[in-house]
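[1] Sequence and computational prediction follow.
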2 protein chains.
Amino acid sequence: MRLAADDRRAALVQAALTVIARDGVHAATTRAIVAEAGMSLASFHYAFRTRDELIREVITFVVDQQEFVSRAALEPAGDVLAMVRGALQAYFDLLREHPEREQAMFELMHYSMRSPELGKLPPIQHGSYLTAGRTLIEAGGELLGIEWTLPIDDLARLLVALTDGLTYAWLADRDDAAAGRLMDSIASTISTFAHSTEKARR
Amino acid sequence: MRLAADDRRAALVQAALTVIARDGVHAATTRAIVAEAGMSLASFHYAFRTRDELIREVITFVVDQQEFVSRAALEPAGDVLAMVRGALQAYFDLLREHPEREQAMFELMHYSMRSPELGKLPPIQHGSYLTAGRTLIEAGGELLGIEWTLPIDDLARLLVALTDGLTYAWLADRDDAAAGRLMDSIASTISTFAHSTEKARR
DNA sequence: AGCTGACTGGGACACTTGACCCACTTCTAA
DNA sequence: TTAGAAGTGGGTCAAGTGTCCCAGTCAGCT
């Protein structure tokens, strides 16, 4: 049954992600990972040749995963400000609920940057963030009948930078109130670049 | 000669920073550090009880260091946009010249977050960023005779988030042109919150 | 000169980690 | 039912790592 091999690989990737989120990349040893997955070391090296191969799979997995995230909640709201603020809040709630997850993303990115073999992944990961931001902005614009006074590409870049900054700030100081104010600023920043062309909806 | 002890500690901190910047936090083993410093292992444990003690000193060092940075270039310019853009460019040039340094800052921050003993440092580090941003904004405001339509605190937070995002984005994709456009967006974002009250200078 | 205490070199120890391996079990398919 | 492949358990190995120790050196003071 050749599929089982893939299943085991997937299980190990999942276990590795759990360990990384809980204890950090440096703690994601082969033994810790197989313990999390409830396997023996032999099974690990049956599924993966080396630990790096596993880590590489973990990273490509989370990069692919990114595509699906944030495709979600984009509540239609009265105006741009409210909509952006709402989307930010949705993201922030997710972050507050699973800080380790975002932390793991950051750590994995830094890990890739240090590895000559995985070095090409960070731009890809960041690129997927950018396209996510772009589709979000386009969707929002259409939803509200709005044109942007900045190229979508640049706007997406700005949004991603702001989101990263928000994430980083909150991870560092865990100040909910400050994060809230920052989200307000971000929302008003983004709406600055909105220009309603069509008739206001209803 | 009791001073030599502090000198050696300082030398080891410096060597550790070099190693961390070059090879990452995980590669900063006691042996790698003393090799960089040209000492023997015994000297290390004569100066520091444990490796964690050294790392802690490294982190507090870079946090303190932060205070002095960015106190620098704030060229007076014609308007807010040009001034902000100039300051960003100055920072970016620094980043481009020593990417490993900023990368090391990030890694050290994540390292602290994982350590129960060092866990209180990230908020402090981030706080020092914030005060740096605040003084920068205040100085810029005075220089151009400008009032901000947002509390300085919130504006500083926004600026720091944007700078972090810029840093992160460039570290990830090394796209100079995109970074330039992002800095344009940031500059125009910040100047949105400027409100010239006094007469235009000269 | 001799002594004391700061400092160092080199080795050692206990432990972790990635990788591997061989005998053994379990399941599938003929 | 049985051969053979898929999968596993447990042990092993070499490299690396943090920590410690002990015999020695060297500088400064009496």
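    Great, that's in hand. Keep in mind the model is a prediction, meaning the values are calculated, not measured. Numbers count the residues shown, from 1 in each chain, chains lettered A, B, ... in the order given.

[2] How is chain A partitioned into domains?
    As given by automatic domain parsing, the domain ranges for chain A are A:1-49, A:58-196.

[3] Pick the most deeply packed of these.
    domain A:58-196 (a mean of 18; mean count of other C-beta atoms under 10 Å in any protein chain shown). Heads up, the C-betas are built off the backbone N, CA and C, glycines and all.

[4] close to DNA strand D, is that one?
    No - among the residues of domain A:58-196, none lie within reach of DNA strand D under C-beta under 7 Å from any atom of the strand; the closest is 13.3 Å away.

[5] measure residue A:179 to residue A:105 for me?
    According to C-beta to C-beta, to the nearest Å, residue A:179 and residue A:105 sit 18 Å apart.

[6] Where do the helices of chain A begin and end?
    A:3-23, A:30-37, A:41-47, A:51-68, A:80-97, A:99-114, A:121-144, A:152-173, A:176-192 (DSSP state H).

[7] Any chance of CSV for these, columns distance to residue B:56?
    Formatted as CSV, the helices of chain A follow (distance: least, C-beta to C-beta, whole Å):
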stretch, distance to residue B:56
helix A:3-23, 19
helix A:30-37, 24
helix A:41-47, 34
helix A:51-68, 28
helix A:80-97, 27
helix A:99-114, 20
helix A:121-144, 28
helix A:152-173, 17
helix A:176-192, 26
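
[8] Dump those to CSV, plus mean pLDDT.
    Formatted as CSV, these follow (pLDDT from 0 to 100):
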stretch, mean pLDDT
helix A:3-23, 86
helix A:30-37, 92
helix A:41-47, 89
helix A:51-68, 83
helix A:80-97, 92
helix A:99-114, 93
helix A:121-144, 89
helix A:152-173, 96
helix A:176-192, 96
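
[9] would you turn those into CSV with distance to DNA strand C?
    As requested, the helices of chain A are exported to CSV (distance: least, C-beta to the nearest atom of the strand, whole Å):
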stretch, distance to DNA strand C
helix A:3-23, 9
helix A:30-37, 4
helix A:41-47, 4
helix A:51-68, 4
helix A:80-97, 28
helix A:99-114, 12
helix A:121-144, 18
helix A:152-173, 24
helix A:176-192, 34
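
[10] So for residue B:88, which of these sits nearest?
    helix A:152-173 (11.8 Å; C-beta to C-beta).

[11] Briefly note if that closest one comes near chain B.
    Yes - contact between helix A:152-173 and chain B, assessed by C-beta under 8 Å from any C-beta of the partner chain, occurs at A:154-155, A:157-158, A:160-166, A:168-169, A:171-173.

[12] That helix - contacts with which helices or strands?
    helix A:80-97, helix A:99-114, helix A:121-144, helix A:176-192, helix B:99-114, helix B:121-144, helix B:152-173, helix B:176-192 (3 or more C-beta pairs under 8 Å, 6 or more residues apart in numbering or on different chains; DSSP states H and E).

[13] Compute the inter-axis angle for that helix and helix A:121-144.
    Counting by axes from the mean of the first three to the mean of the last three C-alpha atoms, to 10 degrees, helix A:152-173 lies at 110 degrees to helix A:121-144.

[14] Verify the contact between residue A:147 and residue A:195 for me.
    Yes - Residue A:147 is within contact range of residue A:195, at 5.1 Å (criterion: C-beta atoms under 8 Å).

[15] Of the residues of helix A:152-173 next to chain B, which is the nearest to residue A:79?
    Closest approach to residue A:79 among these (C-beta to C-beta): residue A:155, at 16.8 Å.

[16] Report the contact partners of the closest one.
    Going by C-beta atoms under 8 Å, 6 or more residues apart in numbering or on different chains, residue A:155 touches A:133, A:137, A:148, A:190, A:193, B:185.

[17] ok, now with 7 Å
    A:137, A:148, A:193 (C-beta atoms under 7 Å, 6 or more residues apart in numbering or on different chains).

[18] And for residue A:28?
    A:16, A:19, A:20.

[19] Flag every residue of chain A that's near chain B.
    With the criterion set to C-beta under 7 Å from any C-beta of the partner chain, chain A comes near chain B through A:24, A:26, A:103, A:106-107, A:109-110, A:113-114, A:122-123, A:125-127, A:150, A:154, A:157-158, A:160-162, A:164-166, A:168-169, A:171-173, A:178, A:181-182, A:185, A:189, A:192.

[20] which residue sits closest to residue A:169, ignoring its sequence neighbours?
    Closest residue in space to residue A:169, ignoring its immediate chain neighbours: residue B:161 at 5.6 Å, by C-beta to C-beta, 6 or more residues apart in numbering or on different chains.

[21] and what of residue A:112?
    With C-beta to C-beta, 6+ apart, the residue lying closest to residue A:112 is residue A:118, at 4.0 Å.

[22] per-residue confidence at that neighbour?
    With respect to pLDDT, residue A:118 scores 82.

[23] So it sits against residue A:57, correct?
    No - counting by C-beta atoms under 7 Å, residue A:118 stays clear of residue A:57, with 10.8 Å between them.

[24] got the CA positions of stretch A:183-200 in CSV?
    Extracted C-alpha coordinates of stretch A:183-200, given in CSV (Å, rounded to 0.1, in the frame of the first residue of the first chain):
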residue,chain,number,x,y,z
MET,A,183,-5.6,48.3,13.5
ASP,A,184,-7.6,51.6,13.5
SER,A,185,-4.6,53.4,12.1
ILE,A,186,-4.1,50.7,9.5
ALA,A,187,-7.7,50.8,8.4
SER,A,188,-7.7,54.5,8.0
THR,A,189,-4.4,54.3,6.2
ILE,A,190,-5.8,51.8,3.7
SER,A,191,-9.1,53.7,3.2
THR,A,192,-7.0,56.7,2.3
PHE,A,193,-6.2,55.0,-1.0
ALA,A,194,-9.9,54.3,-1.7
HIS,A,195,-11.8,56.4,-4.2
SER,A,196,-15.5,55.6,-4.6
THR,A,197,-16.4,55.9,-8.3
GLU,A,198,-19.8,54.2,-8.5
LYS,A,199,-22.9,55.5,-6.7
ALA,A,200,-22.8,54.7,-3.1
